[in-house]
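[1] I need the structure of the sequence given here:
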Amino acid sequence: MSCSIKPVYGAQHPPLQVMPKGKEERSKTSNKRDAFQDFENNTSDAWDDGDDDLLVMANIQMSLRDVRSTAQAVMENHSKQLSAQNQQTSSVKDELRKLSWSGIPKPVRATAWKILSGYLPASLDRREPTLQRKRHEYFGFIEQYYDTRHQEIHQDTFRQQHLGLGTILKDIPRMTSLAHLFQQKVVQEIFERILYIWAIRHPASGYVQGINDLVTPFFVVFLSEFIDNDVESENFDLCQLPQETLNIIEADSFWCTSRLLDGIQDNYTFAQPGIQMKVNALKELIKRIDVPLYKHLEEHCVEFLQFSFRWMNNILMREIPLRCTIRLWDTYQAEQNGFADFHLYVCAAFLVRFTQDVLREQDFQGILMFLQNLPTHHWQNEEIGELLAEAYKLKFMFADAPNHLSKKK
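    Now for the predicted structure:
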């Protein structure tokens, strides 16, 4: 019994046609339109009705110049659309900055901080997908690095960076005055993971004391989204929250802290050059705006580094209550480069505010003890508002005239 192979017809493989040699030669010289139409007619099941544009395109012979010009037009159109979207986003953020400078209401503070920090898009329809993606990404880091932290490869990394979990764990309970909140094991574990992942992803600096403080305001603000307004954060038991909620607070705190640190990372690299420059800039600014105070510190051999290093390293968190820090950060995030640039003017206004108290101290020890233990425990939003107003005046006078801060030759 003889077998014959039958061709399979379809859109990808057109029917085989056996033609006499004469017809075969004529077929080779037939135009492309006829060949394409024959193919279309024999595979009508593979094409939708009304696709005449495809037949037209089959006949178009585009030059390389045409291709390039078409591609360029597409890219330009895409760039215009992207630029329009960016302008709209910038407009929304600029408006939010203006509204946030004088303080953000508690019910909307968490969302505003996420947008101002650059973590959350201003576009409403992009927010939820972004949050889901970034939270998933963070816990991917946890799985990749934290859950395998006892492996030898990560121990070597830590030794190279001069960082260890022991240092992080020692710093966590000392972060703020909210002792009860940070005595909770679940909170300490959250901070441990956040600091661990940040350090391992930033080998240029690793973990440096002071970074731990910068997580606290984000954590407390994002926690407040999920607790009643009449419950103080420092008295809240996090075990009452479901694990999914804790994961949201943790991931959002990590990303917003990372955004903040991206702008001031030179504060924490080797020898902390960013802080050194800011302390020197503060010294020159005080020399300009408060000569008696500057001379008093100089006469008693008080170096600015001895008291203002902590102001720069911890963003004044050790100097004022946490409630005041949160209000201060409303404005810092509303300012362009608030943590890097505007903070200098806040520190200057902060020091000048206590000029008379410092002048009353007549020895090195008295001056330094006072500056390291300033009487701010009673401060509220009113004092922060006054401080920011003075800082803004200093910025207005000096920010656009940096030569005023340079040393005289």
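[2] Please export the alpha-carbon coordinates of stretch 383-390; PDB is fine.
    Only the C-alpha atoms of stretch 383-390 are listed here, as PDB (Å, rounded to 0.1, in the frame of the first residue of the first chain):
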ATOM      1  CA  GLU A 383       7.700  77.100  68.200                       C
ATOM      2  CA  ILE A 384       8.400  75.200  65.000                       C
ATOM      3  CA  GLY A 385       6.500  77.700  63.000                       C
ATOM      4  CA  GLU A 386       8.500  80.500  64.400                       C
ATOM      5  CA  LEU A 387      11.800  78.600  63.700                       C
ATOM      6  CA  LEU A 388      10.800  77.900  60.100                       C
ATOM      7  CA  ALA A 389       9.900  81.600  59.500                       C
ATOM      8  CA  GLU A 390      13.300  82.700  60.700                       C
END
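[3] average pLDDT for it?
    Summarised as a single mean, pLDDT over stretch 383-390 is 97.
[4] what does it contact?
    Outside stretch 383-390, the residues that touch it by C-beta atoms under 8 Å, 6 or more residues apart in numbering are 102-103, 320, 324, 327-328, 331, 346, 349-350, 352-353, 376. Every C-beta, even on glycine, is put in place using the N, C-alpha and C of the backbone.
[5] Buried residues of it, list them for me.
    383-384, 387-388, 390 (16 or more other C-beta atoms under 10 Å).
[6] re the thing from before, any idea which of the contacts of stretch 383-390 is closest to Gln72?
    Thr331 (44.6 Å; C-beta to C-beta).
[7] Is it possible to get a markdown table of the contacts of stretch 383-390 that adds pLDDT, distance to Asn313 and neighbour count?
    Formatted as a markdown table, the contacts of stretch 383-390 follow (pLDDT from 0 to 100; distance: C-beta to C-beta, whole Å; neighbours: other C-beta atoms under 10 Å):
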| residue | pLDDT | distance to Asn313 | neighbour count |
| --- | --- | --- | --- |
| Ser102 | 95 | 27 | 14 |
| Gly103 | 96 | 25 | 18 |
| Ile320 | 96 | 15 | 19 |
| Cys324 | 96 | 18 | 20 |
| Arg327 | 97 | 20 | 25 |
| Leu328 | 98 | 16 | 24 |
| Thr331 | 97 | 20 | 23 |
| Val346 | 98 | 14 | 25 |
| Ala349 | 98 | 19 | 21 |
| Phe350 | 98 | 15 | 21 |
| Val352 | 98 | 21 | 18 |
| Arg353 | 97 | 20 | 15 |
| Thr376 | 97 | 17 | 17 |
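[8] Now do the same contact list for Ser253.
    190, 194, 215, 218-219, 222 are the contacts of Ser253 under C-beta under 8 Å, 6+ apart.
[9] one more time with 10 Å, if that's ok
    138, 190-191, 194, 215-223 (C-beta atoms under 10 Å, 6 or more residues apart in numbering).
[10] Now, these that are in helices?
    138, 190-191, 194, 215-223 (DSSP state H).
[11] Could I get these in TSV, plus columns for neighbour count and pLDDT?
    Formatted as TSV, the ones in helices among the contacts of Ser253 follow (neighbours: other C-beta atoms under 10 Å; pLDDT from 0 to 100):
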residue	neighbour count	pLDDT
Tyr138	21	96
Ile190	22	94
Phe191	22	94
Ile194	26	95
Val215	24	95
Thr216	22	93
Pro217	24	95
Phe218	26	97
Phe219	25	95
Val220	21	94
Val221	24	95
Phe222	22	96
Leu223	20	94
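[12] From those residues, pick the one nearest Leu246.
    Closest to Leu246, out of all of the ones in helices among the contacts of Ser253 and judged by C-beta to C-beta, is Ile190, at 7.0 Å.
[13] Test my guess that the closest one contacts Ile249.
    Yes - judged on C-beta atoms under 10 Å, Ile190 makes contact with Ile249 at a distance of 7.5 Å.
[14] joint contacts of those two?
    219, 238.
[15] Surely Tyr119 and Leu131 touch.
    Yes - taking contacts as C-beta under 10 Å, Tyr119 lies within contact range of Leu131: 8.7 Å.
[16] which neighbours do those two share?
    Each of 251-252, 255 lies in contact with both Tyr119 and Leu131 under the rule C-beta under 10 Å, 6+ apart.
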